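> Okay, predicted coordinates and the sequence, questions at the end:
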Amino acid sequence: MADKTLPITGGCLCGAVRFEATEQPSWVGFCHCRMCQKAYGQASGIFMGFKGAQKRALRFTMGKPTYYKSSAWLERGFCSNCGSPLGIRTPQGHSVMVGTLDHPEEWPPNEAHSGIESQIPWDIIHDDLPRWRTEDDPDFVAAKEAAERREG
């Protein structure tokens, strides 16, 4: 990914929650899984992710999201005032929805399409990015294994 202008900034619809990232993201990609479809009311979600120690590069500068634990392995953040979905957090990393960025046009997906087992047939995206089933997505596998260790 070519270097883009930093910091990366964004926030919710009403402006109560704002964030910035001081490093380039690890990835930008699509998720077509059924949970994302339901959580965002869309055919897919487009996320910008920060992994491992890099997740400290993403911080909230105004307000904080409210989190909903949608599974044993991840929490979905949203603005409790306007309801805007903001992203996901797991022990392995954090992500924000590309649509919440101040300049989403600067961050086209570069990683993959995940959750393709649930991709809606008419949601046709023409690109050469790899396509993974949820159970083959390395980030999903790592988050699920970490959750299972915590519960076990």
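Yes, it's here.
> Look up the pLDDT of Y68 for me, please.
Predicted confidence (pLDDT) at Y68: the value is 97.
> residue ranges with poor pLDDT in the chain?
For the chain, applying pLDDT under 70 flags the ranges 1-3.
> what ranges do the helices span in it?
Assignment of helices within the chain using DSSP state H yields the ranges 34-40, 138-151.
> what's R76 in contact with, if anything?
Taking Cβ atoms under 8 Å, 6 or more residues apart in numbering as the criterion, R76 is in contact with A39, Y67, Y68, S70, P85, G87, I88. For the C-beta atoms, the positions are set from N, CA and C on the backbone; glycine is no exception.
> what bridges to it?
On DSSP bridges, the residues paired with R76 through beta bridges are Y68, I88.
> if we can go back for a sec, determine which stretch of the helices of the chain is the most buried.
Most buried of the helices of the chain by mean neighbour count (mean count of other Cβ atoms under 10 Å) is helix 34-40; its value is a mean of 17.
> helices and strands around that one, which ones?
Using 3 or more Cβ pairs under 8 Å, 6 or more residues apart in numbering; DSSP states H and E as the contact criterion, no secondary-structure element is in contact with helix 34-40.
> List the contacts of that helix.
Taking Cβ under 8 Å, 6+ apart as the rule, helix 34-40 contacts Q42, A43, S44, G45, S70, S71, R76, P85, M97, G115, S118, I120.
> Let's see that with 6 Å instead.
By Cβ atoms under 6 Å, 6 or more residues apart in numbering, the surrounding residues in contact with helix 34-40 are G45, S70, R76, P85, S118.
> For ChimeraX, write a command that selects the buried ones of the contacts of R76.
Here is the ChimeraX command that picks out the buried ones among these, judged by 16 or more other Cβ atoms under 10 Å:
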select :39,67,85,87,88
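> Let's have the contacts of R76 in TSV, adding distance to E148.
Below are the contacts of R76 laid out as TSV (distance: Cβ to Cβ, whole Å):
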residue	distance to E148
A39	22
Y67	20
Y68	20
S70	16
P85	26
G87	23
I88	18
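> now, which of the contacts of R76 sits nearest P7?
Nearest to P7 among these, counting by Cβ to Cβ, is G87 at 15.8 Å.
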